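Undergrad: Got a predicted structure plus its sequence, pasted below:
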Amino acid sequence: MTPDVTPGPAPAPKRSRGRPAGVRAGTAETRERILAAARTEFADRGYDKTSMRSIAKAAGVDPALVHHYFGTKEQTFGAAIELTFAPAFAGPDAVFGAPEGIGERVARFMLGIWESTPTREPILAVLRSAFTNESAAEVFRSMLTRRILARVAGELDVPEPELRVQLAAAQLLGVAVLRHVLKVEPIASADFDDVVAMIAPTLQGYLTAGGA
């Protein structure tokens with residue numbers, strides 16, 4: 001006679017690899033969670049000290065899931081700075097129109113981004129990584145050229161538009177660094193409208209060739 005054997009409870013199913021507690025893998029929520037963690041990690045630790053594993057740990061997922069969504073470390077950094085520089089990417093659409101006054105519009109829009117701490121600090125973090133690591137610099141350089149500089153240059157009817165746009169960008173970055181990073185006086189505490197008024201004619205000359 002076959003003995004009566006009552007089966008025990010079935011073992012609990014293992015949680016899928018890379019599936020954080022409380023967040024379903026494969027959802028937009030999971031991707032955004034990882035992207036937010038990547039942005040914070042790169043900002044706080046810099047490019048060199050950030051790893052896919054540290055991003056995964058901060059997001060509460062398996063490193064394989066970070067690779068699944070974003071690929072390599074360089075690609076993950078690119079996705080993170082896309083988020084950081086989103087306000088600046090709107091610049092070309094925001095400032096173009098009649099050539100008259102474009103220098104002031106560009107100065108006011110781009111320098112205005114630096115005036116706000118929530119947008120300034122993440123940008124500074126990206127620049128620190130780009131200044132100290134060539135891989136990060138290449139990702140940032142490619143994105144800056146493609147998303148901002150090339151778009152602006154394509155709208156200009158001037159000789160050597162790429163060079164002129166880069167000169168304008170260098171002027172803006174120099175002002176931003178002196179004002180917000182090095183905090184050199186008197187530019188650090190100068191009135192924003194005064195700074196815009198002083199730099200606008202130079203940008204106008206770069207972008208219109210004749211300073212129209």
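TA: Alright, I've got the coordinates. As the structure is a computational prediction, the values presented were derived from the model and not from experiment.

Undergrad: Would you mind listing the buried residues in the helix or strand that contains residue 136?
TA: Assigned by DSSP states H and E, residue 136 belongs to helix 134-144. Residues of helix 134-144 classed as buried by neighbour count (16 or more other C-beta atoms under 10 Å): 136, 139-140, 143-144. Every residue, glycine included, has its C-beta placed from N, CA and C.

Undergrad: what about whatever helix or strand comes next after that helix, distance to the chain center?
TA: Going down the chain from helix 134-144, the next helix or strand is helix 150-155, by DSSP H and E. Relative to the centre of its chain, helix 150-155 is centred 19 Å away, using C-alpha atoms, centre = their mean, to the nearest Å.

Undergrad: Stretch 110-129 too?
TA: Using C-alpha atoms, centre = their mean, the offset of stretch 110-129 from its chain centre is 9 Å.

Undergrad: for stretch 80-90, same thing?
TA: Taking mean C-alpha positions (C-alpha atoms, centre = their mean), stretch 80-90 and its chain are 4 Å apart.

Undergrad: Need the contact partners of that stretch.
TA: 35, 38-39, 42, 110, 113, 119, 122-123, 125-126, 139-140, 143-144, 147-148 (C-beta atoms under 8 Å, 6 or more residues apart in numbering).

Undergrad: For residue 11, give me the pLDDT.
TA: pLDDT for residue 11: 50.

Undergrad: swap in residue 21?
TA: For residue 21, the model assigns a pLDDT of 46.

Undergrad: and the protein, what are its domains?
TA: 28-71, 86-208 (automatic domain parsing).

Undergrad: contacts for stretch 130-147?
TA: Residues outside stretch 130-147 that contact it (C-beta under 8 Å, 6+ apart): 46-48, 73-74, 77-78, 81-82, 85, 89, 126-127, 129, 169.

Undergrad: Among the residues you listed, which are located in helices?
TA: Using DSSP state H, the subset of the contacts of stretch 130-147 located in helices is 46-48, 73-74, 77-78, 81-82, 89, 126-127, 129, 169.

Undergrad: Could I have the buried ones of the residues you listed as ChimeraX selection syntax?
TA: In ChimeraX, a selection of the buried entries from the ones in helices among the contacts of stretch 130-147 looks like this (16+ other C-beta under 10 Å):
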select :47,73,77,78,81,89,126,127,129,169
